[in-house]
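*Asks:* Sequence isn't available, so here's the structure alone:
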C-alpha cells in the first residue's frame, strides 16, 4: 500500500508541519526550535522522550474537523463511565436495518439492535455488528489517490472542476453514475437533480447479489413493480422454496422473529414450515419437513403446485410423493398459508408463486404488496450490460462508481471496458479492486461516519446519523454527488436535512433518536394479478448446477476484511476462513473425494481448483459456492482467504478430482455424523407433545451430597428455546463484541483453539442425504454444582452469591483442569496472547470488560458487567433489579428471542416462566451439575400424511 | 544352579576398594561420549523451555477439548519411573530383603533424577508458570489460600514431599560412603569435596547408631509416600467427572503402573551398568531373576487394573463412558491402546520362564517395552479420555508438536546427564550396607 497517511502516527511524520511547530512553540519553546531544524540522530531519543509530554500537552478540544487529540476535559455531554446509544441503520444492498450504536467515553464501540425499527425489533445481524470493526479498520482507504498515487482532495476538486465544465457542455453526455440498489430518498433526489442538470447523463444500478428475479417476478405477476412484505406471524403453513427468508432476504431479522413466535407449542399453536432446498439454509433448519430438491425437482414441484392449487396444467408424472400432502396442507389453510421462493430462482417461478399466494388468499393476511422500496426498480443485469457495452465502445468519458466494487463482483468484461473510460472515479471505504482500476479513488465515509437515509424492507425510512467525525477525511456519496452538482463545499448534514425539510425540528430530532421516520412505512397497494398462466421455463439441462450464493457473512466480498466475520462459523458447515465447494455426499463418493480434497472445476473455458466440503442435505446435482471470497485487493485480514468462484465462466460445469488436499478450518473438530444428538438436543414431534406434555422429561437426578446453594433473593438463570434458534450466529458476534473475545486466525482454529465464549452446536440426525439439523447454543451453564470450581488449585473460578460461576482472570495460573472437568467444554484458553495479537482496534473494545492475558482461562460470564451496571442503577434507587433490566449481549442480538435471562427466584420473571415449560430440560442433568442454563426441547410439527424414512 | 546374591570371591575390603576405584581412579572410556550426548539433549531442553516461556504453551499441541497433553503424560510417566527406586530402597529395606542392598543406590539415584524430570513438568505445563507458587499456602497480603478441594493442590504437596524426602533419603544413605571416599581420595580436591559432603561422618559407634535410626525412620516415611504420591496422581484424574477418568480404582491403578515402570527402569539401567562397571560379582543373576519376577507381578497387577477399567465401563453403562471406551479401543487412538496391552501385559508374560528371566537381552527388551508401554498408557488415559467427552460437539483430536517431543527428549537427556554424573562421582553401590551383607553372609563380624 502506498503511503496514504494524512493522520499522524509518529512525531517523525510531523517534523515539517508548521502548525504543529507553532503549537509546540507555545508550550515547549526549546523543543520547537529543535523540530524546526529537523531531527538528527542524536535528537531522536530526546524526541521520543518528549512525545509523551506532547500527547498530554495538546489538550484543547480544538476544531472538530482538525486533529483528534485525546482531551483531559471531556467534551460536553460525555461523562466517563456513562454510556450512550445513538440510532442509525445498517444498510445492505440498499435495504436498511435499524441499529443503535453504543458509545463509551464518546467513542462508538458496539452495534446493537434498534427495538423501534420494524426490521430489527431489537435484533441485529452479524454483518451489522461487524461494522464497528470496519469503522476502525486500519486497512481502510486513507485518502484520495490518482492513478494509485497519493493525492489530495484539493487536486481532485481541481480535476473534477475541469471535467465538470466539459460535462456541462456535453449536457451530461458520456457521464455515467453506477450505484448499487438505491432506497435513499436523498440520493434519489440528488440523482434526479443531476439528471435535470445533465439531461444526457445515465444512472446505472448493479448490485452484486442480484434480486432481479424478485423484481421481474413481481412485474410479471402484477404488471408493475411491487414489493411483497411477508407477515409470517400470521402464516400457519409456510412453504419455503430455496428461500432466503431467514438468512439474507431484506427484513430477515423480522421474518425470523415472526416465524419463531409460532414455533413453540407451549406458547401457542405451532405453524408448520416446509422447506424445499437445493442447499441447506436457515429456514430448512427450522422446517418441520425439509425436502432436498435440485433445479429439476423444484420445477416439478412448482408445476405440481400450480396444478393442485391453480388447477393449471396437469401434474407431471414423477412428482415427489410429499408434494400432494404439502399442496393439500396449503390449500387447507386459505388465508393462512404462504409460499416463498428465493431470489436465485427464475422470475417466472416468482410470478407463479405470486399467483399461488393470491390463490391461497394470502393478500392482506400473510403478505402485503407495497410500492417498491427501491427508488428505481430496474433490471440491474441489463443496466450493467448497457454500461459495459457503452464503456467498451468508448461512449463514456466520465464514470462515477459509488460504494460498489464491480471490478471484483461483475464479469471480467467490466474491468476490461473500464480501461476505455478516461475519467473514472470510485468512492469506497476500502482500497478494493475497483479503487485500483479507476483513475481516481476517493475515500468514502464509513456508514457510521456519514449522514444519509435509507428505507427498510417495508419502506420505513431511517435517517443515518454519523457516530463519529470521519476518521480519514472521507466523504459520503451525497457529498460527492453535490460536488458534481457544483456545490463547492458540500455538507452531508445539510443535504440530508434538505430532503427532510418537511420535518419540523422536533420531528427530525425524534426521527434521529428513535431511528425511524414515523409514517414512512409503505402502504398496501392493490394491483390486480395479471390473468393468464405463467409458463415456467424448463430447468437448464445440466448434470451439475453451480449455485453461486452470497456468503452469509462476507456477502459479496465487501466484508472480507472483517476478522469477526471471517472467523464466524458458517451456520451449517461450521467452516471459517474459507469457502470450499459444498457438495453432496453422493457426488463426493462419485468423485472419490472427501473434505478438503481438491477438485478441478471447469466452466465456460475457465478452470478453478478448489477444495470440497461434504454438505449433508445438499442436492446431488447441485454444488454450492459462496461468493465474496478470494478478494485480490483487500486488507491484511482478507488476504489469501478462500476462492473466487466468479473466475469461472458461464456454461455447463464439470467437476473432477484434482488430487491433493487443502487444510480447511472448522469449529466442529470431528465427523459430524458420528455425533448422535440423543439426549443432548431433546426433540420430538408435536403429536408426542400433545399426547404427553412432559414427553421430553427424564427422571430427576439423584440427590447431591453437597448442601444446596445459598438461597438468596437473586439467582441468575437462562433458558434457551431450541424451537426458536435458527443458527444465525447473531449471538456469537454479539458475545464477541461485548466481551472482547479475540479472533485467533485460521491456523489456530485448525489447532482447535477458537475462543468464542458462545458457540452454536450443530448435530445431524438421519441420513447424510437428507438429515435433520439440530442446533444448540452452548455457553457456560453456570452450574450450581460447578465441576470446574472444585478442581482449580488456586480458586480462580468460584461461585458468587447470585449463582454466577465467575472466573478470576488475575488469579488463574492456567492448569486448565477446569476445562477438563467441564462436561460442556465451554471454557476457552489463551494458548497465546490472542488478545494482544488480534487486529481488533482498541477503540472497538468494550471498556467494561477486561482483556485476558496469555495463559489464562476464560468463559461466558453471563455478561456480568451488564449485571453490575443494572445493580448500580438499582442500588441508586434503592430497589431490586427489575425483570428484563439485565439483558445479556446474546439475548439482545437474537432475532428470534430464543434466549431468556433473568432472576429465576422471581417466579414472575420471563426466565422463570420459560423454565417452568414442560419442554425445559437441563443438559447432561444426570451429572448433577444443576446448570442454570436450561433448554426448551425442540418440537416438530410433522405432517402425519408425510412419512419420512428416518422419522 | 543356585543363584547367590554375592559371588563367592567377594570380600568386604575388596568390594570397597573396587567401588571406590570406580569413582577415584578408573577411566571409563564410554562415559564422556555418553555425557556429551546427554549435554546436547540438555541444550535441546533449554531451547524448548526457553521458547515455551517466551511464546506460551500454544507451541505445544494441546487444544480446546484436549487441554492436557504430553506435559501431563510425561509427568505421570517420570514420577512412575521414580517409584521403582523408592520401592526397592525403602520398602524392601523395611522388609529386610538382602538382594536389595546391591541395587538400592542405583535405584535411588534413578528415583532422584526421574523425580526431578517429573517435577519440572507441572510447572512447565501451567499457562502462567511464573505464578506456580500460588499453589503453595503461603501467607500473603490478599489473604488468599489455595483451594484445598482440588486434587492438583494435593498433587503439588505430594510431589514436593516426595522429592524432598527422596533427596534426604538418598543423601542420608550416601553419608558413610562419602566418608569412605574422603578417606581414600588421593587428591586434595577430592578430600575437600567428599569431606564436606560427608558432613563429618567418622564412623563412630554413636554416629552409626544415629545414622541407622534416621535411615530407618526415613525408610518408614518413604514407603507410604511412594503409595500416596501415585494415589494422588491417580486422583488428579479420578477427581474429575470426565469419562475415562472418573473411576475409584485409579489410585491403586496408578500405584501398580508406577511400580511396573519403576522395576522396568531399574532393570533397564542395572543390566548395562553391571557390565560396564564390572559389577557382576555384586549384582548377580539372582538379582535379575528377582527383579524379573517383580516385573511380572506388577504387570499382573496392572492387567487386573486394565480389566477392571474395562469392566466398570460396561458395568456402569454410562453412555459417555461406553462411547469413550469404544473410541479408545477401536477409534483413532486404538493402536495406542493395543500397544499398551501388548507392551505392559503380554510382553512381561515371557518372564514366567526362568530362561527368559536370565536372558539379559530379552529382559532389556521387555523392560524397554514396559517403559514405552507405560508412557503410552498415560497417553491413552490423558488424550483419548479428553478427545471424547460427554458432549459430542466438543470432540476433537490431539497431535503433539515438535516442541512437545523436544521437551520429552530433553528430560530424558536431563535424566541421563544426572545419572551419568552420579555414576562418575558417587559410589554406585551402597558400600556400607554391602559390607554388612558380606559380613552376615560370610558369618564373620
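*Replies:* All right, it came through fine. Model, not experiment: these values are computed from the prediction. Numbering: from 1, shown residues only, chains lettered A, B, ... in the order given.
*Asks:* Next, the closest residue to chain A within chain B: secondary structure please.
*Replies:* Taking Cβ to the nearest Cβ, chain A has its nearest neighbour within chain B at residue B:127, 1.8 Å off. The C-beta positions use only the backbone N, C-alpha and C, and glycine is treated the same way. Classification of residue B:127 using DSSP: H, G, I helix; E, B strand; the rest coil returns coil.
*Asks:* tell me the contacts of it?
*Replies:* Applying Cβ atoms under 8 Å, 6 or more residues apart in numbering or on different chains, we find residue B:127 in contact with A:812-816, A:829-830, A:854-857, B:56-57.
*Asks:* and if we set it to 10 Å?
*Replies:* A:812-816, A:829-831, A:853-857, B:56-58, B:67 (Cβ atoms under 10 Å, 6 or more residues apart in numbering or on different chains).
*Asks:* And for residue B:184?
*Replies:* Residue B:184 touches B:16-17, B:20-21, B:23-25, B:190-191, B:194, counting by Cβ under 10 Å, 6+ apart.
*Asks:* how does it look with 6 Å?
*Replies:* Contact analysis of residue B:184 by Cβ atoms under 6 Å, 6 or more residues apart in numbering or on different chains lists residue B:20.
*Asks:* measure it to residue B:173 for me?
*Replies:* Distance, residue B:184 to residue B:173, using Cβ to Cβ, to the nearest Å: 18 Å.
*Asks:* Quick check: which helices or strands does the helix or strand harbouring residue A:598 pack against?
*Replies:* Residue A:598 is part of strand A:597-603 when elements are defined by DSSP states H and E. If you count contacts as 3 or more Cβ pairs under 6 Å, 6 or more residues apart in numbering or on different chains; DSSP states H and E, strand A:597-603 packs onto strand A:606-614, strand A:654-661.
*Asks:* and chain B, which of these is closest to it?
*Replies:* The nearest among the helices and strands packed on strand A:597-603, by Cβ to the nearest Cβ, is strand A:654-661 at 16.1 Å.
*Asks:* Could you see whether chain B lies near the next helix or strand after that closest one?
*Replies:* Once the chain leaves strand A:654-661, the next helix or strand it forms, by DSSP H and E, is strand A:665-666. No: Strand A:665-666 stays clear of chain B (Cβ under 6 Å from any Cβ of the partner chain), getting no nearer than 10.9 Å.
*Asks:* From residue B:156, how far off is the residue nearest to the spatial centre of chain A?
*Replies:* With distances taken as Cα atoms, centre = their mean, residue A:127 lies nearest the centre of chain A, 2.5 Å away. Residue A:127 sits 49 Å away from residue B:156, going by Cβ to Cβ.
*Asks:* Residue B:57 too?
*Replies:* Distance from residue B:57 to residue B:156, by Cβ to Cβ: 18 Å.
*Asks:* what distance separates the start and the end of stretch B:425-436?
*Replies:* End-to-end distance for stretch B:425-436: 23 Å, by Cα to Cα, to the nearest Å.
*Asks:* got the residues of the stretch 751-900 of chain A near chain B?
*Replies:* Looking at chain B, the residues of the stretch 751-900 of chain A close enough under Cβ under 6 Å from any Cβ are A:751-753, A:761, A:787, A:790-795, A:813-817, A:819-821, A:823-825, A:831-832, A:854-855.
*Asks:* Just give me the neighbour total for residue 240.
*Replies:* The chain I'm using is chain A. For residue A:240, the neighbour count with other Cβ atoms under 10 Å in any protein chain shown is 26.
*Asks:* actually it's chain B I care about, not the one you picked
*Replies:* Number of residues near residue B:240 (other Cβ under 10 Å) recorded here: 24.
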